[in-house]
Structure formats: C-alpha cells, structure tokens
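> Everything below, folded, please.
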Amino acid sequence: MLIYKHLEDAELLDLLRSSDDAAFTAIYERYALKLINHVSKKFGNLHEAEDILHDVFNTLWVKRDILKITNLPGFLYTSAKNKVQNRLLKDKCQDQYTFFLEHYSIKTSNDTDHRIRMLQLMERIDKEIFVLPPKMRQIFEMSRKLHLTHKEIAEELGISEQTVARQISNAIIRIKFKLGIYAMLLWLIKLK
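I've put the predicted structure just below:
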C-alpha cells in the first residue's frame with residue numbers, strides 16, 4: 001500500500017481502470033479530506049458533504065473503465081460541484097413542492113369548508129324565509145329572488161311602496177335575528 005502513496009495520479013488512474021482496489025483506496029486517501037472540506041463549505045452540513053463525497057467516489061469506481069480522466073483533482077472537484085448543485089436544486093424543488101402542497105391543501109380545505117358553510121347558511125336563510133308571514137314572504141321573495149323594485153312590487157300587489165319597504169325591512173330584521181341565534185348556537189357547539 002505504501003507504494004501507491006508515491007504514485008502519480010495518472011498511474012493511479014491506470015491501475016484504477018484495471019480494477020485495482022489499492023489504487024482506488026490511495027486516490028480516496030489522497031483527495032477525500034480535501035473534497036469533504038470543500039463540499040462542507042458549500043453545504044454547511046458535514047453529513048450532506050459525506051453523502052456527496054460517497055457519491056463522487058462511487059461514480060469514480062463504478063465508471064472507472066469508461067471515464068476519460070486526464071486531471072484527477074479537476075474531475076473530483078467538478079464532480080463534487082455538480083453533485084452539490086444537483087442536491088441543492090433537488091432540495092429547492094422539494095421545498096417548493098412541499099410549500100405548494102401545504103398551501104394547496106389549506107386552500108382546498110378552506111374552499112371546501114367555505115362552500116359547505118355557504119350552503120348551510122343558504123339553507124338556513126331559505127328556512128327562515130319560509131316561516132315568514134305569507135304576505136311578508138311574498139314581498140321579500142319578489143324583491144330578493146325576482147329582483148323587482150319596490151315600485152314594481154307595489155304596483156303588482158296593489159299596495160304602497162312604503163308598505164313594501166316596511167315589509168322587506170321587517171323580513172330582514174327577523175331573518176337576521178334568527179340567523180344571529182343560529183350563529184351563536186353554532187359557536188357554543190364548537191366550544192364544547
């Protein structure tokens with residue numbers, strides 16, 4: 001093993017191409033510490049740097065017979081740099097994806113919850129309109145559902161515009177009162 005420490009990079013590469021384990025170990029011992037220091041400065045995380053280092057040397061061993069390396073340190077540093085960039089890009093993509101999923105699920109949940117609450121509220125309003133006195137309900141529905149003006153309602157029913165305005169105002173007061181009680185009951189139920 002001592003002999004390998006004194007060999008030039010080109011000689012070690014030739015031996016590596018012929019699957020010489022000792023040549024690989026000599027390359028690792030020569031460059032691993034330098035690479036891990038370099039990568040950990042880029043990453044700020046020793047564990048991540050060790051993973052990158054492992055990937056670099058794994059690639060070197062697996063592709064030893066097809067790599068055309070003329071500058072071993074240049075190859076190792078470039079390989080490490082590329083793996084760092086790929087890892088950072090992957091982490092950034094994962095962060096963006098996670099952010100998207102979190103916000104999408106919250107938005108979807110909020111949208112669904114909002115729709116359900118709106119449907120429940122509309123059902124409750126319809127129930128309250130249904131229990132209004134018949135004439136008041138008729139005037140209110142003509143105003144809110146048929147979108148007729150006070151004057152049009154008054155002419156159609158043969159009553160004054162003032163009566164129409166008063167009936168609509170009273171209907172709104174009753175509905176608001178009943179919905180206020182309904183909202184308070186929902187709030188009390190949530191507290192339990």
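> Could you look up the next helix or strand downstream of the longest helix belonging to the chain?
Of all the segments of type helix in the chain, defined by DSSP state H, the longest one is helix 72-130. For helix 72-130, the succeeding helix or strand toward the C-terminus, using DSSP states H and E, is helix 134-144.
> Return the mean pLDDT over that following helix, rounded to an integer.
For helix 134-144, mean pLDDT rounds to 89.
> swap in stretch 28-43?
On average, stretch 28-43 scores 85.
> Only alpha carbons, please: show that stretch as CSV.
Output in CSV follows, covering the C-alpha atoms of stretch 28-43 (Å, rounded to 0.1, in the frame of the first residue of the first chain):
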residue,chain,number,x,y,z
TYR,A,28,-9.6,8.2,-1.8
GLU,A,29,-7.0,8.8,0.9
ARG,A,30,-5.3,11.5,-1.2
TYR,A,31,-8.4,13.5,-2.0
ALA,A,32,-11.2,12.6,0.4
LEU,A,33,-10.3,15.1,3.2
LYS,A,34,-9.8,17.9,0.7
LEU,A,35,-13.1,17.2,-1.0
ILE,A,36,-15.1,16.9,2.2
ASN,A,37,-13.7,20.2,3.4
HIS,A,38,-14.6,21.8,0.1
VAL,A,39,-18.1,20.4,-0.1
SER,A,40,-18.9,21.1,3.6
LYS,A,41,-18.1,24.8,3.0
LYS,A,42,-20.6,24.8,0.1
PHE,A,43,-23.2,22.9,2.1
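> Give me the buried positions along that stretch.
Neighbour-count burial for stretch 28-43, counted by 16 or more other Cβ atoms under 10 Å, picks out 28, 30-32, 35-36, 38-40, 42-43. Bear in mind the C-beta positions are built from the backbone N, C-alpha and C, glycine included.
> Could you tell me which of the residues you listed belong to helices?
Using DSSP H, the buried residues of stretch 28-43 in helices are 28, 30-32, 35-36, 38-40, 42-43.
> can you tell me which of the residues you listed lies nearest to Asn170?
Comparing these against Asn170 with Cβ to Cβ places Phe43 closest, at 71.4 Å.
> circling back to that earlier point, would you point out the most distant pair within the ones in helices among the buried residues of stretch 28-43?
Longest distance between any two of these is 21.7 Å, between Arg30 and Phe43; criterion Cβ to Cβ.
> what number of residues lie near the closest residue to Gln167 other than its chain neighbours?
Of all residues not flanking Gln167 in the chain, Ile139 sits nearest, at 4.4 Å (Cβ to Cβ, 6 or more residues apart in numbering). By other Cβ atoms under 10 Å, the residues close to Ile139 number 27.
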